[in-house]
Structures are given as structure tokens and as C-alpha cells.
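Participant: here is my input, please return the structure:
(one chain, ligands or ions: 2)
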Amino acid sequence: MQQVSQDVVWHQCAVSQPERNELNGHQSVLLWYTGLSGSGKSTIANAVDRKLYELGIHSYVLDGDNVRHGLNGDLEFSDQDRVENIRRISEVAKLMVDAGLVVSTAFISPFMTDRAQAKQLVGETRFIEIFIDTPLAVCEARDPKGLYRKARAGEIKHFTGIDSTYQAPIDADIHLATEQLSVEQCTNQVIQTLFKRKIITSMSCL
Ligand SMILES: Nc1ncnc2c1ncn2[C@@H]1O[C@H](COP(=O)(O)OS(=O)(=O)O)[C@@H](OP(=O)(O)O)[C@H]1O
Ligand SMILES: Nc1ncnc2c1ncn2[C@@H]1O[C@H](COP(=O)(O)OP(=O)(O)O)[C@@H](O)[C@H]1O
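Facilitator: Numbering: from 1, shown residues only. Ligands and ions are numbered 1, 2, ... in the order given. As a prediction, the model looks like this:
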């Protein structure tokens, strides 16, 4: 995205991110969930968020369907609109990480370059990519919102995995194969990674 106005000057915030982290008693980080529709992004992100809440961690989940009702309500599902969707979400997530939160984003985010840009924006050490690896056939069998059925019937165009691309991560920080793992096992893996990386200092929620 090209910045249009040249007459804006960056204003340094009075309270720094490390100061906010110290006040909260935990680090702030972006948990970037990616996967097909119906793969389990929202389910796992919310289960992790509930555990973080139990631990007294300041956190928030940005979810695809919800953000598309408001901030990104003007965007559709062309490749171009998906790129803009992820760009805006990345910027919002960066602000929330700056504010000291453990932020989870649950978006299909189908393109590798957009996910790489989110990582660059937030900073490598504050970005954890979580691949919700669920085969298309399993997502389609789950079809929690009936969208695959509509897409197969031609009622929805540009549906991810059917007539729109999904580029799977090749080196995600956390790889969750939901065919083999329960929601609880997936959730525990995320919490354990946060503990190992010293984002959180307790796993008493497990
Ligand atoms: N054409 C098409 N393709 C994919 N998904 C569709 C489409 N139309 C509507 N939906 C619903 O929108 C949710 C995906 O929105 P995202 O913002 O996560 O998509 S993207 O990251 O911009 O690709 C997605 O939510 P999840 O099922 O939670 O992934 C769907 O409910
Ligand atoms: N191991 C698992 N992890 C996550 N979801 C699972 C798992 N097993 C079954 N499911 C089910 O799959 C569906 C995933 O839906 P959802 O979380 O909305 O996916 P997404 O946000 O990726 O579209 C839910 O109905 C959930 O109960």
C-alpha cells in the first residue's frame, strides 16, 4: 500500500510496549491462525483465548466473520480484496500487540506473502504462525456453515479450496493436524508453545 499523504509525521508514544508488557506481567504476541474454512481456526483460537483468560492474560481474538461485518465490510473474496483484508487486519493486530495484548487472528489468510508481511510488520519475535492443517475433504464434511454445499452448487464464487487458492505454510511455528488431534490437544500445544517461548509464565490452566 502506497501512503498517499506526505504531510504526516510519526508521533512517539509516551508509554512503550515493554512498559505495557511489564505492567501486564506477560509479553504481547500475535498468534496468526491460518487454514481453510471449517478447518478449526475459530474453535481453537477461542479455546486458547479462554485458557489465557483463566491465566489472567490480556488477550483478544480477531475473527474473519466478525471483522468482515464491520471494519472490512466493504471487502469481498476476490484475491485483491483478500490481500486488503489481511493488510488491514495485520495493521490492527500490530496496534493491539503494541497495546500489550496476546492477539489471535483467525482468518483463512490464503497467501504466503500476506502472512509474511504480517510477520514483518509485527516483528519476528512477536509472531507465531499456527497452521490449522485440515484436509479440504474433512472441512467439507464438517461444513459448519453450509458454505461448501453452496459453493459446490455454484451459489458462492471464489470459495477457498474450490475455486480460490490456498497456499499452505511450509514452516509454520505450530502445525495442528485436526484430523488426528482433539480441540483440547490442539489448545494445549499452543499454550505449551507460549510457555516455552516465555510469553506466559504459568500453564496452570492445563
Ligand atoms: N468465497 C469465500 N471463500 C472463503 N470464505 C468465505 C467465502 N465467502 C464467505 N466466506 C466466509 O468468510 C470467512 C473467511 O473470511 P476471511 O476474512 O478469513 O478470508 S480471507 O482471509 O480474506 O481469505 C469464512 O469463515 P471461516 O469459515 O471462519 O474461515 C467463511 O465463513
Ligand atoms: N480437532 C479439532 N479442532 C478444531 N475444530 C474441530 C476439531 N475437530 C472437530 N472440529 C469442528 O470443526 C469445526 C471447525 O469450525 P470453525 O472453528 O468455525 O473453523 P474455521 O474458523 O476454520 O472456519 C467446528 O464445528 C469444530 O467443532
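
Participant: flag every residue of the chain that's near ligand 2.
Facilitator: Contact residues, the chain versus ligand 2 (C-beta under 6 Å from any ligand atom): 35, 37-44, 106, 142, 144, 178, 181-183, 186. To be clear about C-beta, it is placed using only N, CA and C from the backbone, and glycine gets the same treatment.

Participant: from the residues you listed, which ones fall inside strands?
Facilitator: Among the residues of the chain next to ligand 2, the members falling in strands (DSSP state E) are Ala106.

Participant: ok, the residue nearest to Leu181 when sequence neighbours are not counted - how many residues close by?
Facilitator: Nearest residue to Leu181, sequence neighbours excluded (C-beta to C-beta, 6 or more residues apart in numbering): Gln189, at 7.7 Å. Counted with other C-beta atoms under 10 Å, residues neighbouring Gln189 total 17.

Participant: again with Glu19
Facilitator: 12.

Participant: what's the helix or strand for it?
Facilitator: Using DSSP states H and E, Glu19 sits within helix 17-24.

Participant: how about the residue of the chain at minimum distance from ligand 1, what does it touch?
Facilitator: Proximity of the chain to ligand 1 (C-beta to the nearest ligand atom) peaks at Gly64, 2.8 Å away. By C-beta atoms under 8 Å, 6 or more residues apart in numbering, Gly64 lies in contact with Lys41, Ser42, Ala106, Phe107, Ile108.

Participant: quick check: the last one vs Tyr60, distance?
Facilitator: Ile108 sits at a distance of 19 Å from Tyr60 (criterion: C-beta to C-beta, to the nearest Å).

Participant: who has more neighbours out of these two?
Facilitator: Neighbours were counted for Ile108 and for Tyr60 using other C-beta under 10 Å; Ile108 has more, 22 against 14.

Participant: is it true that the more buried one lies in a strand?
Facilitator: No. If the criterion is DSSP: H, G, I helix; E, B strand; the rest coil, then Ile108 is coil and not within a strand.
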